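# give me a 3D structure for the following:
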Amino acid sequence: MDSSLGGKCRRLSTGIVVLAWFGGCGGAGDDLPRQEISGSVILQGTPLSEGMIQFRPETNQGTFVSAAIRDGKYAIPRHEGPVAGGYRVIITSPPKSTAAASESGPGKAPPSPPDLIPKKYNASSTLNAEVKVGQPNSFDFDLKK
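Next comes the predicted model:
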C-alpha cells in the first residue's frame, strides 16, 4: 500500500477525474428549452426506407441534433430535441449493398458507397427548418433527384 503523499495525491486526482467523468454523462439534462420535432422524408415519391437526418444550427445559439429515419419517418423527443431557431437540414442514406466492394481486390479498401440522396440535400444541403416554441414542429421533406 502506498502511503506516501504522492500516492495519496494520485488516488485523489483519479477520484476527481472519475467524478468529473460521471458528472458529465448526464445527457440532455441541461435545462435548455428544447423542442420535440418529427416529420417524414420522401425520395422520388417513396418513403425513405432508412437514413439519417441532422439539424445543424445556422448560428451558435442552436443545438445540433440527429435522428434515424425509418420507413420515411423520424422523431426526436423534447428532452433530446433542438432549441428554437433556424437549422440547416442534412439527410443521408447510404445504399444497402455495393458491388464495388467485391471489385476492390485483396489488400485494397473498398470505396465508400455513394449516398442515395443527392448532394443538395446532404453535403451541400439547401434544406432549412425553423424550430419554434409552443408550436408543432413537424418537418416533411419531399426530395427529388
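# gap between the nearest residue to residue 81 once chain neighbours are set aside and residue 92?
Leaving aside its sequence neighbours, residue 81 sits nearest to residue 34 (CB to CB, 6 or more residues apart in numbering; 4.4 Å). C-beta coordinates here come from the backbone N, C-alpha and C atoms, glycine included. According to CB to CB, to the nearest Å, residue 34 stands 23 Å off from residue 92.
# among these two, which residue is more densely surrounded?
residue 34 (21 against 18; other CB atoms under 10 Å).
# chain center to the helix or strand containing residue 130, what's the gap?
Taking DSSP states H and E as the criterion, residue 130 maps to strand 127-131. With CA atoms, centre = their mean, to the nearest Å as the basis, strand 127-131 stands 15 Å off its chain's centre.
# contact partners of it?
Identification of contacts with strand 127-131 by CB atoms under 8 Å, 6 or more residues apart in numbering yields 35, 37, 55, 58, 62, 81-91, 121, 137, 139, 141.
# over to stretch 135-145?
Contacts for stretch 135-145 (CB under 8 Å, 6+ apart): 35-44, 48, 81, 89, 91, 117-118, 121, 127, 129, 131.
# just those: which are in strands?
37, 38, 39, 40, 41, 42, 43, 89, 91, 127, 129, 131 (DSSP state E).
# pLDDT score assigned to the last one?
Looking back up the chat, that one is residue 131. As predicted, residue 131 sits at a pLDDT of 97.
# repeat that for the second one.
At residue 38 the predicted local distance difference test score is 99.
# what are the bridge partners for it, then?
Counting by DSSP bridges, residue 38 forms beta bridges with residue 75, residue 138.
# quick check: which ranges of this protein have low pLDDT?
Low-confidence regions of the chain, defined by pLDDT under 70, span residues 1-29, 97-106, 112-113.
# residue closest to the middle of it?
The chain has residue 66 as the residue nearest its centroid, 2.9 Å off, counting by CA atoms, centre = their mean.
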